[in-house]
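1. Structure for the following, please:
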Amino acid sequence: MADDLTPVARFAYEAGTLKATKRTGWWMAGVKDPETVAEHSWRVALLASVIAKLEGADPAQAALLAVWHDTGETRTGDVNHLGKKYTGGTEADPRDIVSDQVSGFPEELAQAVRDLIGEYEAKESPEAVCARDADKLECMIQGIEYRDQGYANTQRWIDNSRGRIVTKSGQALADAVLATGSLDWFRAALGEAP
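-> Below you'll find the predicted structure:
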């Protein structure tokens, strides 16, 4: 292989910072130790594959979009909606961020990553719509889990996230989540009655 993979190696370390980058919006709800961006992205990818399969879209592509959707936060941090109010109404374009991140990558790889972020941001492909729904659904689920841990102020995030899900399958899954207790999976695994 003739390509220098040093820029890819640097990006691997950069991506690792998302394992320590907290999702700051939860602080507004009083959550003392919120999930990280990486933790969020993992469940978004899982949910994106589920929603896409149910919607007849490509689950692998939806999951791939979801894995990459917040990688720009290595450079900007996770700026919550209130914080965005004070950045002049403009936020960094994820397409610009990813172009910088993949600078020096082998061109075929760099283009593939730029295309992924472009597809997600365009919000047009069925897979991008499913990945975006998964992002909202994951936030809703996390809000329910935090609420069940005593953080009552997360209800705003639960309601707002539910209202932004657009696919039929995403909406149906959101309704099922709302009707299911966050520990019902555990009770079912133990064979206990729901």
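
2. Give me the neighbour count for Leu46.
-> Residues contacting Leu46 under the criterion other CB atoms under 10 Å number 15. All C-beta spots, glycine's among them, are computed from the backbone N, C-alpha and C.

3. and what of Gln171?
-> Neighbour tally, Gln171, other CB under 10 Å: 15.

4. Report the next helix or strand after the helix or strand where Ala15 lies in sequence order.
-> Per DSSP states H and E, Ala15 falls inside helix 6-16. Tracing the chain C-terminally past helix 6-16 and defining elements by DSSP H and E, one meets helix 25-28 next.

5. what's next to that next one, contact-wise?
-> 34-35, 78, 80-82, 142, 146, 151, 153-154, 157 (CB atoms under 8 Å, 6 or more residues apart in numbering).

6. Start from the N-terminal end of this protein and give the helices.
-> Applying DSSP state H to the chain gives helices spanning 6-16, 25-28, 37-55, 59-68, 73-76, 81-84, 94-101, 107-122, 126-148, 155-163, 168-178, 184-189.

7. just to revisit the earlier point, I'd like the contacts of helix 25-28 as a markdown table, with distance to Thr180, pLDDT and neighbour count appended.
-> Listed next are these as a markdown table, based on distance: CB to CB, whole Å; pLDDT from 0 to 100; neighbours: other CB atoms under 10 Å:
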| residue | distance to Thr180 | pLDDT | neighbour count |
| --- | --- | --- | --- |
| Pro34 | 22 | 97 | 19 |
| Glu35 | 20 | 97 | 19 |
| Asp78 | 27 | 78 | 18 |
| Asn80 | 27 | 71 | 14 |
| His81 | 27 | 70 | 10 |
| Leu82 | 30 | 71 | 11 |
| Gln142 | 15 | 98 | 22 |
| Tyr146 | 16 | 98 | 23 |
| Tyr151 | 19 | 97 | 18 |
| Asn153 | 22 | 96 | 14 |
| Thr154 | 17 | 97 | 25 |
| Trp157 | 18 | 96 | 23 |
